[in-house]
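Q: Structure, please.
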Amino acid sequence: MVETTQTINRFPPEKVLHYPFVVLHQTMGVPETWCYRRQVLTIFQLSDGKYIEQESSRIFPLISSQTLNQFLERGQQSKNHNFLIQEFRTWLRQRNSLQ
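A: From the prediction side, this is the model:
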């Protein structure tokens, strides 16, 4: 049976289990996870079974959370997302050529 929105709204759940993805990732042993909450991106890396906030990514060492947050903030203020994406790509190429 396919439930419509009307059916779902008529019978709300009695309980809802909220299981944060970070806890799930930690249990699975995911070495790095990025959280975007309240318009801020934070990078966490697994160390001794617990996530510790880090400034940069192991996977993308050229990118810091500070830089990502600057681009994300500009993206929220900008109407021209294509230009911002192109600017981010250019920034990545420049950083990559320095390595």
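Q: Show me what the longest strand along the chain is packed against.
A: As assigned by DSSP state E, the longest strand anywhere in the chain is strand 40-47. On a contact count with 3 or more Cβ pairs under 8 Å, 6 or more residues apart in numbering; DSSP states H and E, strand 40-47 meets strand 32-37, strand 50-54, helix 65-77. Any C-beta I mention is one placed from the backbone N, CA and C, and that applies to glycine too.
Q: where does this structure have its least confident helix or strand?
A: helix 5-10 (a mean of 58; mean pLDDT, DSSP states H and E).
Q: immediately after that helix, which helix or strand?
A: Downstream of helix 5-10, the first helix or strand assigned by DSSP states H and E is helix 21-28.
Q: So which elements touch that next one?
A: strand 32-37, strand 50-54.
Q: 10 Å instead?
A: Applying 3 or more Cβ pairs under 10 Å, 6 or more residues apart in numbering; DSSP states H and E, one finds that helix 21-28 contacts strand 32-37, strand 40-47, strand 50-54.
Q: between those strands, which gets nearest to residue 62?
A: Checking the helices and strands packed on helix 21-28 against residue 62 by Cβ to Cβ gives strand 40-47 as the closest, at 12.8 Å.
Q: thought residue 33 was touching residue 44?
A: Yes - between residue 33 and residue 44 there is a contact at 5.2 Å, judged by Cβ atoms under 10 Å.
Q: one step back: using TSV, please lay out the helices and strands packed on strand 40-47 together with mean neighbour count and mean pLDDT.
A: Listed next are the helices and strands packed on strand 40-47 as TSV, based on neighbours: other Cβ atoms under 10 Å; pLDDT from 0 to 100:
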stretch	mean neighbour count	mean pLDDT
strand 32-37	14	90
strand 50-54	13	94
helix 65-77	14	91
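Q: Can you add distance to residue 98 and give those back as JSON lines?
A: Putting the helices and strands packed on strand 40-47 into JSON lines (distance: least, Cβ to Cβ, whole Å) gives the following:
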{"stretch": "strand 32-37", "distance to residue 98": "23"}
{"stretch": "strand 50-54", "distance to residue 98": "21"}
{"stretch": "helix 65-77", "distance to residue 98": "14"}
